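Undergrad: sequence first, predicted model second:
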Amino acid sequence: MRKSIFLILQNIRSLYNVGAIFRSADAFGIQKIYLCGITAYPPKRQMQKISKTALGAEKSVSWEYHKQTATLVKKLKKDGVEIVVLEVGAKSTFRLPDYKPKSHVAIIVGNEKTGITKPILKLADIIVFIPMRGQKESLNVAIAASIAMYELSNKP
């Protein structure tokens, strides 16, 4: 049985990042995107910015909006979905390339400046990071989400 991969966007500020994530989600066969908190969602007045980078993926990738990320995460956990937070810094404990999903998985990416909120970090089954070789310690959220989707969609 093929595992399902879901994506949770918590408080993503940039409409362009949301659009780019939709486009990558389509490319990697993500089952559903959950847009949470302040993350913009279709249809919004600024939808043209999402559409500009999504190139139609906002119409082909299933999505839902949830105001409260924690409520969604608790429901997914109850349904047997493993919660994987992609985060930088001391909070991260596992290298993304080394992580092997146990089951259906939801990847959570967070706000461009503040990352994932503490309550969501506490609900995570695992916190992973992307190893960096350069001087910068993080990537743009859309790029990081794309790397995570690629890694997880190619693991058995």
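TA: All right, it came through fine.
Undergrad: what's next to stretch 119-139, contact-wise?
TA: The set of residues external to stretch 119-139 that reach it, using CB atoms under 8 Å, 6 or more residues apart in numbering, is 10, 69-70, 73-74, 77, 82-89, 91-97, 99, 108, 110, 116, 144, 147-148. No exception for glycine: its C-beta is placed from N, CA and C like everyone else's.
Undergrad: and if we set it to 6 Å?
TA: 69-70, 73, 82-88, 91-96, 99, 147 (CB atoms under 6 Å, 6 or more residues apart in numbering).
Undergrad: so how many other residues sit close to the residue lying closest to Gly29 once chain neighbours are set aside?
TA: Closest residue in space to Gly29, ignoring its immediate chain neighbours: Ser153 at 5.9 Å, by CB to CB, 6 or more residues apart in numbering. Using other CB atoms under 10 Å, the number of residues around Ser153 comes to 15.
Undergrad: where does this structure dip in pLDDT?
TA: Within the chain, the stretches with pLDDT under 70 are 1-2, 42-61, 90-92.
Undergrad: backbone dihedrals for His66, please?
TA: phi -130, psi 120 (degrees, to the nearest 10).
Undergrad: ok, it - contacts?
TA: Contacts of His66 by CB under 6 Å, 6+ apart are 34, 36, 72.
Undergrad: tell me the residue in this structure that is farthest from the middle.
TA: Gln135 (24.0 Å; CA atoms, centre = their mean).
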